[in-house]
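>>> no letters, just coordinates:
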């Protein structure tokens, strides 16, 4: 990029940057796909705007969603973002599988386009699918599980969402304007330095991750304080539900593991924008510093992703086995062990990059050690299922396929943890198969199980079981077909991130993998169908949504959908599985003697300001539109400063409303002809008998 | 009544008699701020680590060495200004704690601000001297790491000064309300934190560099 291409208004944006026009300039299959994707984003956005305007939804959207500080609504917005990005990530994945199925001596995609696909696929799935999904679930569930009215910093929560959205928006914009990085989701320099990729690609990568990463750090901070300070009276640490424990460990990891990502992204930006030599080839740069810092973030990140899923599975297995969880204390300890060990293994991501054998051995052993606490968890879950009263609901199907598949993935991880083996298979599709084997059955199934499990809590009606089962089985079959062949083809020597190959023996494996890709597409379609059918039949699915699973923890001890203030009366807790204990002792539905007024924080537009300003800032930096970058930064800072000069008076919910909601809930949940809470037909009394299942 | 028998204790009931547990917002904000500083400390730690990996021939790449570049005089002046500013901020905090009057609080804050600005003045003139000698970040990996670490601290001090100015305005507008006091406490933490970082920079960068 020479200086002559730059103009003060548009920066380095030109007509050639418009991806929808690519097919016009050079009509190839490759360019039609690129332009088609760009058009899809533009048309999708326009369609959204038209529909919103037609149904006059802008005002409700602004008042009820964009400016809200309600943790449940913020959580829902995170998950909506995650699902949208999931669709894009899956479509990209299937496109890559199609290319490789056709990739003997060529294929239909250009190498550059393929490289952009795996870069955006990885970036999106980790930062804009997985992270928003788990952050959304944590947002919705944790304050309810600890019996709190909201998080400690509701406005900051909205700002964190704004930062995440800004990062996602930048990745979406890269589909329409200019190219994304071809350096993979890890963005290793020197290949991502200006010398090799002078265009906008790596800049999109830097700023989308940098901005979203800041949001994640702030979310972590928020939830540590929330879990420490907002627990219901009487709730000790060892009374907390497992999901809250995993959320706490994830939050701690976020605070300590996101900074390395920020640092290496900023250093790479300094190299690219200001000619520094942190990671360049020349004049004393050292890319190993990048590799170390990226994985100092990247390995804890793996556990940021998986721990909440472990938490979801712990809740599910206990609820649907009708027992308290087996080995609670060992699960807590295992979670903390994993969180600590996650900082000690980062080097196994680059065994082949020049350390001596002793260093590799130390990190290999540390890596294998993580298998121990993870194994503890698996056995605890198995023991919970043992002699339980199992209900084969959709979350439970996800749980069971997780347990089988995740163990296989874990075993291949132990294989990779051995440096001598790693030298043989590193950078092959064996590795790709391994980490997808951890992240799809582990993280994604966990998130989807949580989505099915908590949906009735948030919206007041259950999701359709039939389509849910179809979707869960399709995900499982699709995953097995798509990734098990990659183990084989990886062992045969096929390198990862490779657009085409010359060995005909690879091709059948890729064709099976493509078939798996179609199953995954179908799984995605059936999730859409499930949502559609459930919304259509919501009147039928409302029945019993207050506590559809006979659950055990506090989030179910309040009506569904949860009122803005969460609990009419903040619960008092003196045991684990507080709700199950209360149900079993017939004390779950006692009407309080009196209701108080409830004070809640007021709305804020700072989240929206952050989202728009953050996107504009990133966009300005990517395209070298310095005026836009400076302007948006100044405006965002001014908005925050202005906020500190106003006092949030909040809203007060009158006690009468709390009483009305509470009475309506009682009317729903108490069976016909109710006489008192200990009547045998009360929900929970028959099945929840925690005392009999002493560990 | 049978209910009495079936309920093991009042304990399993979710509703307590009294629904009063009010957490102080200032206390929560302070906890959150500690966490923010821990996170920030990791950022500094990584810039320190990067700097330490560049103290070798390869990273210096034939450019100026620490020994050529650093002068203790400037760094010592900066240290004196910053440490003094931490002391005066402490005096302001004491004045706030013992209600010695808004004017005392504000007075010491103004002195702190001037000392902070003095620190920045000396730091910037140090940098411009280095620039004039051709020691620019584009010269070598070592200089990139130096200009990553030390100005990062400077940027923090600048942010601290701006925050201080905002707080002076807020004291003027609102007086020493609880919200303002809580913000001042967090600013004080931040300011002392930057002092601690500077001690690290003075030792690991300047003293070690000159001693080489």
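Received the coordinates, thanks. All of these numbers come straight from a predicted model, not from anything done at the bench.
>>> state which one residue of chain B is found closest to chain A.
residue B:141 (2.8 Å; CB to the nearest CB). Yep, even glycine has a C-beta here, placed from its N, CA and C like the rest.
>>> for residue A:282, see how far away that residue is.
According to CB to CB, to the nearest Å, residue B:141 stands 9 Å off from residue A:282.
>>> the two: which is more packed in?
residue B:141 (28 against 12; other CB atoms under 10 Å in any protein chain shown).
>>> what residues does the nearest residue to the more buried one once chain neighbours are set aside make contact with?
Residue nearest to residue B:141 in three dimensions, not counting chain neighbours: residue A:284, with 2.8 Å by CB to CB, 6 or more residues apart in numbering or on different chains. Neighbouring residues of residue A:284 by CB atoms under 8 Å, 6 or more residues apart in numbering or on different chains: A:277, B:54, B:58-61, B:63, B:140-142, B:144.
>>> pull the most distant pair out of the residues you listed.
Maximum pairwise distance in those, criterion CB to CB, is 13.1 Å, between B:58 and B:144.
>>> of the two, which one has the most company?
Comparing residue B:58 with residue B:144 by other CB under 10 Å, the one with more neighbours is residue B:144, at 30 against 15.
>>> please name the nearest non-neighbouring residue to the more buried one.
Nearest residue to residue B:144 in three dimensions, chain neighbours excluded: residue A:276, at 4.0 Å (CB to CB, 6+ apart).
>>> same deal with residue A:429?
Spatial nearest neighbour of residue A:429, excluding adjacent residues (CB to CB, 6+ apart): residue A:490 at 3.6 Å.
>>> stretch A:220-231 and chain B, any residue contact?
Yes - applying CB under 8 Å from any CB of the partner chain, one finds stretch A:220-231 touching chain B at A:220-222, A:224-225, A:228-230.
>>> export those to JSON lines and tack on pLDDT and neighbour count?
Formatted as JSON lines, the residues of stretch A:220-231 next to chain B follow (pLDDT from 0 to 100; neighbours: other CB atoms under 10 Å in any protein chain shown):
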{"residue": "A:220", "pLDDT": "97", "neighbour count": "27"}
{"residue": "A:221", "pLDDT": "97", "neighbour count": "27"}
{"residue": "A:222", "pLDDT": "97", "neighbour count": "27"}
{"residue": "A:224", "pLDDT": "97", "neighbour count": "24"}
{"residue": "A:225", "pLDDT": "97", "neighbour count": "24"}
{"residue": "A:228", "pLDDT": "95", "neighbour count": "16"}
{"residue": "A:229", "pLDDT": "94", "neighbour count": "17"}
{"residue": "A:230", "pLDDT": "93", "neighbour count": "22"}
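>>> which residues are in contact with each of residue B:141 and residue A:282?
With CB under 8 Å, 6+ apart as the test, residue B:141 and residue A:282 both reach residue B:61.
>>> out of the helices and strands in chain B, which is least certain?
Ranked by mean pLDDT, DSSP states H and E, the weakest helix or strand in chain B is helix B:2-6, scoring a mean of 34.
>>> which helix or strand lies directly C-terminal to it?
Using DSSP states H and E, the helix or strand that follows helix B:2-6 towards the C-terminus is helix B:25-53.
>>> ok, back up a step: the contacts of residue A:284, buried ones only, as a PyMOL selection?
Here is the PyMOL command that selects only those of those that count as buried (16 or more other CB atoms under 10 Å in any protein chain shown):
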select buried, (chain A and resi 277) or (chain B and resi 54+59+60+61+63+140+141+142+144)
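>>> need the contacts of residue A:284 in CSV (columns: pLDDT, secondary structure and distance to residue A:406).
Formatted as CSV, those follow (pLDDT from 0 to 100; DSSP: H, G, I helix; E, B strand; the rest coil; distance: CB to CB, whole Å):
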residue, pLDDT, secondary structure, distance to residue A:406
A:277, 96, coil, 43
B:54, 95, coil, 42
B:58, 93, helix, 44
B:59, 94, helix, 43
B:60, 94, helix, 48
B:61, 92, coil, 47
B:63, 92, coil, 51
B:140, 95, coil, 47
B:141, 95, helix, 42
B:142, 96, helix, 46
B:144, 97, helix, 43
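>>> and the contacts of residue A:284 as JSON lines, adding distance to residue A:126?
Below are the contacts of residue A:284 laid out as JSON lines (distance: CB to CB, whole Å):
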{"residue": "A:277", "distance to residue A:126": "28"}
{"residue": "B:54", "distance to residue A:126": "30"}
{"residue": "B:58", "distance to residue A:126": "33"}
{"residue": "B:59", "distance to residue A:126": "31"}
{"residue": "B:60", "distance to residue A:126": "37"}
{"residue": "B:61", "distance to residue A:126": "35"}
{"residue": "B:63", "distance to residue A:126": "38"}
{"residue": "B:140", "distance to residue A:126": "34"}
{"residue": "B:141", "distance to residue A:126": "29"}
{"residue": "B:142", "distance to residue A:126": "33"}
{"residue": "B:144", "distance to residue A:126": "28"}
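>>> nearest to residue B:112 among the contacts of residue A:284?
Once CB to CB is applied, the member of the contacts of residue A:284 that ends up nearest residue B:112 is residue B:144, at 31.9 Å.
>>> now do stretch A:543-559, average pLDDT.
For stretch A:543-559, mean pLDDT rounds to 91.
>>> what does stretch A:16-24 give?
83.
>>> list the buried ones in that stretch?
Residues A:17-20, A:22-23 are the ones in stretch A:16-24 that count as buried (16+ other CB under 10 Å).
>>> report the distance from it to the chain centre.
32 Å (CA atoms, centre = their mean, to the nearest Å).
>>> so where's the stretch 1-150 of chain A uncertain?
By pLDDT under 70, the low-scoring segments of the stretch 1-150 of chain A are A:1-4.
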